[in-house]
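>>> okay, predicted coordinates and the sequence, questions at the end:
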Amino acid sequence: MKHVKIIGVPEHFNLPWHMAIDEGAFADRGIDLQWTDVPEGTGKMCQMLQHNEADLAIILTEGIVKSITEGNPVKIVQEYIASPLLWGIHVGAESRFTSLNQLKQTKAAISRYGSGSHLMAYVNAQQNDWNTQDLNFEIVNNLDGAVSALTQGSADYFMWEHFTTKPLVTNGVFRRLGDCPTPWPCFVIAVTDTFLQEHKGVLQHILTVINRYTQEFKTIPSIDKTLANRYEQQLEDIRNWLSITRWSQEKISEQVIDNVSTTLFNLKLIDQKKLFAELVTKL
């Protein structure tokens with residue numbers, strides 16, 4: 001049995017992995033796929049990949065492109081979610097801010113530098129014609145840290161996936177002032193160069209399994225109810241999320257990678273653009 005360490009956020013996007021593990025689909029191919037939730041998100045996962053604490057990651061496209069460009073020995077294998085991620089822009093329930101424009105030159109809570117919450121704060125600023133040099137950040141590690149920071153006033157706003165934070169909005173912990181979708185497919189599967197070189201056949205088996213599960217995922221009877229119960233979401237919200245989310249079994253395109261790299265470069269978040277072949281493996 002080949003042991004493989006995989007990491008991802010504890011969010012509804014990743015249920016196909018848990019189902020495949022629980023049903024023995026990887027074990028049937030001689031693979032012990034060991035999943036670890038990383039609530040801190042992409043910045044932490046990049047660090048874990050770099051330190052060989054994980055072999056594979058389900059990770060935000062912009063975050064892993066930035067990390068590989070900066071020297072992380074990792075490659076993108078394929079798209080995982082082909083649709084954009086809808087980033088909610090949140091303030092605390094008692095915040096004095098009532099509109100998105102008021103957040104200009106305020107402090108954003110981020111899980112860590114290089115995370116989606118960090119990078120998307122720049123994308124959001126650019127889309128609203130703010131000076132990105134004026135952005136200020138407070139590191140909060142995870143969603144719980146953001147709740148504390150926005151409630152106590154050490155940060156002013158926080159960007160996180162719309163539906164994951166929806167219960168906090170419903171319960172009156174956060175108010176949402178708007179949304180900012182990613183301008184590209186949001187999640188990819190990434191692999192360390194070491195694992196890719198030594199276990200390419202194992203990786204291909206893993207992809208075969210997960211691609212079958214994601215292809216059939218939306219047709220599973222009562223999958224909306226399963227998701228709502230497991231992730232403590234309202235059924236209506238899960239149905240809305242399912243309607244705008246598309247899993248992918250495809251290679252990521254050079255055009256998408258160029259869009260991500262160009263955006264990061266123009267925002268001065270990377271100081272060079274890597275070639276497509278330096279970011280994405282052919283397999």
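Structure received.
>>> what's the local residue count around Trp247?
20 (other CB atoms under 10 Å). C-beta: built from backbone N, CA, C; applies to glycine.
>>> residue contacts, it?
16, 80-82, 214-215, 217-218 (CB atoms under 8 Å, 6 or more residues apart in numbering).
>>> try Lys225
Neighbouring residues of Lys225 by CB under 8 Å, 6+ apart: Leu235.
>>> pretty sure it is in a strand, no?
No - applying DSSP: H, G, I helix; E, B strand; the rest coil, one finds Lys225 to be helix, outside a strand.
>>> show me what Leu56 is bridged to.
Under DSSP bridges, the beta-bridge partners of Leu56 are Ile6, Val191.
>>> where exactly do the helices run in this structure?
Using DSSP state H, the helices found in the chain span residues 15-22, 42-50, 61-69, 116-127, 143-152, 166-170, 193-198, 200-216, 223-230, 235-244, 254-266, 276-279.
>>> going by neighbour count, which residues in the last one are buried?
Yep, that's helix 276-279 we're talking about. 276, 279 (16 or more other CB atoms under 10 Å).
>>> which residues of the stretch 51-200 of the chain score low on pLDDT?
Counting by pLDDT under 70, the stretch 51-200 of the chain shows no low-confidence range.
>>> so how far is stretch 104-113 off the chain centroid?
17 Å (CA atoms, centre = their mean, to the nearest Å).
>>> who touches it?
Applying CB under 8 Å, 6+ apart, the contact partners of stretch 104-113 are 40-44, 97, 117-118, 121, 128, 130, 134-142, 145-146, 149-150, 154-159.
>>> restricted to buried residues, select those residues in ChimeraX.
Of those, the buried ones go into a single ChimeraX selection, burial set by 16+ other CB under 10 Å:
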select :40,41,42,43,44,117,118,121,130,135,138,139,140,141,142,145,146,149,150,155,156,157,158,159
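>>> out of the contacts of Trp247, who's the most crowded?
In terms of neighbours by other CB under 10 Å, the contacts of Trp247 top out with Tyr80 at 28 neighbours.
>>> no further queries at this time; thank you.
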